[in-house]
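> sequence unavailable; structure follows:
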């Protein structure tokens, strides 16, 4: 699955340029985004460090939850969302890795195979606004899950789609992208979160290019 244009961006648009990006959104889109993000738990909330429980009940209630998650993901301008990010401790995620892709729900997802070939790319997270870090992940994965009706589902994903799925499965296991980034970047990102600033591994435009730098946040 090719998503060339999107692969150059953080997997969820929560990077240091949020303020500038918001200025380019129309008022209605901006309001929907802010409302959607108000539903998302932020870094420091203990639910983000808690593993989710398997889902055993399928039916209209689960389908309604999927629809709600897809709507929040779209309004937040994200490409993936795990139930735990909304404080719902069940193994459910949704993703749409590209504007032309079909939104997909994975119930009780398990990564049963991942490639030895890996790639490092920038990731952002709706739970860590203003933070972007480098994360190395397998380039290809095969995931076993069920759909919202309980039917078995298998997804073979590559590139951005594989990265998004792995990011969201991590959420269901209580793992954040900060756990998978180099130590120097993790420390800088945590410092930025404490100080209420933003962080990106890219050096400041007027810097000496010697290393990552935090920039002012919203």
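Okay, I see it. As the structure is a prediction and not an experimental result, all values here were calculated from the model.
> can you show me the helices along this structure?
Remark: helices assigned in the chain by DSSP state H are 18-23, 27-37, 60-75, 159-172, 183-195.
> which residues are in contact with residue 80?
11-12, 73, 93-97, 164-165, 167-168 (Cβ atoms under 8 Å, 6 or more residues apart in numbering). All C-beta atoms are positioned from the backbone trio N, CA, C, and that covers glycine.
> report the central residue of this structure.
residue 125 (4.6 Å; Cα atoms, centre = their mean).
> I'd say that one and residue 167 touch.
Yes. Between residue 125 and residue 167 there is a contact at 7.4 Å, judged by Cβ atoms under 8 Å.
> can I assume residue 90 is in contact with residue 50?
No. With contacts counted by Cβ under 8 Å, residue 90 stays clear of residue 50, the gap being 11.5 Å.
> those two: who's more crowded?
residue 90 (19 against 14; other Cβ atoms under 10 Å).
> is the more buried one bridged to anything, and to what?
residue 53 (DSSP bridges).
> any idea how far it is from residue 197?
33 Å (Cβ to Cβ, to the nearest Å).
> my understanding was that residue 177 contacts residue 126; is that so?
No. Judged on Cβ under 8 Å, residue 177 makes no contact with residue 126 at a distance of 11.1 Å.
> show me which of these two is the more surrounded one.
Higher neighbour count among residue 177 and residue 126: residue 177, with 28 against 25, using other Cβ under 10 Å.
> contacts only, for that one.
Contacts of residue 177 by Cβ under 8 Å, 6+ apart are 123, 125, 128, 133, 135, 167, 170.
> average pLDDT for the strand of greatest length in the chain, rounded please.
When the chain is parsed with DSSP state E, its longest strand is strand 104-114. The pLDDT scores in strand 104-114 average 98.
> ditto for stretch 46-63
On average, stretch 46-63 scores 97.
> just stretch 136-149 next, same as before
98.
> mind listing what's buried in that stretch?
137-141, 143, 145-148 (16 or more other Cβ atoms under 10 Å).
> each with direction, which strands does the longest strand of the chain pair with?
strand 92-95 (antiparallel), strand 140-146 (antiparallel).
> thinking again about what came up before, want to throw the helices of the chain into CSV with distance to residue 43?
Compiled in CSV, the helices of the chain are given as follows (distance: least, Cβ to Cβ, whole Å):
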stretch, distance to residue 43
helix 18-23, 15
helix 27-37, 13
helix 60-75, 18
helix 159-172, 12
helix 183-195, 6
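> for residue 113, find the nearest of those helices.
helix 159-172 (11.0 Å; Cβ to Cβ).
> check which helices and strands that closest one sits against.
Helix 159-172 is packed against strand 80-82, strand 92-95, strand 104-114, strand 118-124, strand 132-138, strand 140-146, with contacts defined by 3 or more Cβ pairs under 8 Å, 6 or more residues apart in numbering; DSSP states H and E.
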